[in-house]
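Student: build me a model from this:
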Amino acid sequence: MPITELEIIDSAVKIGLGAVISGIVAYTTLKATHNHEKAKESRAHKIKTLEMIAEKCDLYFIAHSRFKGVLGGILKDRPTEDEYPLTEDQLNRLNKSDSDLFAARDGVQIATSRLVLLGANEALKHLTKVVENTADLRNNLRRDKIAPSTADLGKIDETIRNDIGNFRQELSKFYKALCVVVPT
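Tutor: Predicted structure coming up:
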């Protein structure tokens with residue numbers, strides 16, 4: 001039986017339609033895979049950035065803790081619970097930990113800019129408070145050369161510890177939100 005023109009056209013349409021459908025499916029699959037890989041790489045980069053932020057901030061928190069420890073050692077022998085002037089010897093004992101604290105601030109500046117880029121505003125707010133309160137304590141000691149009262153130092157310390165805890169909590173929330181994989 002001879003093939004008619006209609007059968008040839010019918011076969012061509014079926015083959016062409018199959019090719020078009022295959023092309024659309026291949027394109028859609030490729031685009032979805034590409035988007036998934038792009039999102040995966042972006043998420044991995046953000047997680048790595050958050051880990052770097054935590055590391056830089058922890059170095060600052062450790063430096064602050066050492067500074068506070070040296071200060072505490074100096075103040076344990078204080079003659080009064082009130083403010084009192086620090087001697088040159090006491091200020092010299094603070095120098096090394098003060099230098100370390102000041103140097104660690106560079107890492108916090110880097111972490112701050114990364115938090116801004118990531119939009120981690122709540123974590124940034126608490127980190128800013130830690131840095132401001134630590135800087136106020138440090139600057140008052142260095143500039144005025146007067147040790148705060150025991151009560152004032154306790155309040156400052158509690159405020160800084162709370163803000164460090166709040167910073168870590170907010171950073172953790174942000175981190176956990178990034179680790180949740182949303183199906184595409």
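
Student: could you list every residue that touches the residue nearest to residue 62 when sequence neighbours are not counted?
Tutor: Distances taken as CB to CB, 6 or more residues apart in numbering put residue 104 closest to residue 62, at 7.7 Å, once the chain neighbours are dropped. C-beta coordinates here come from the backbone N, C-alpha and C atoms, glycine included. Remark: with contacts taken as CB atoms under 8 Å, 6 or more residues apart in numbering, residue 104 is in contact with 59-60, 62-64.

Student: ok, now how distant is residue 104 from residue 24?
Tutor: Using CB to CB, to the nearest Å, one obtains 56 Å as the distance from residue 104 to residue 24.

Student: where does the residue nearest the centre of the chain sit, in terms of helix or strand?
Tutor: In the chain, the residue lying closest to the centroid (CA atoms, centre = their mean) is residue 53, at 3.9 Å. Residue 53 is located in helix 5-75, with elements delineated by DSSP states H and E.

Student: just how off-centre is that helix within its chain?
Tutor: If you compare the mean C-alpha spot of helix 5-75 with that of the full chain, they lie 19 Å apart, counting by CA atoms, centre = their mean, to the nearest Å.

Student: and that helix, what does it pack onto?
Tutor: helix 88-118, helix 121-144, strand 146-147, helix 150-179 (3 or more CB pairs under 8 Å, 6 or more residues apart in numbering; DSSP states H and E).
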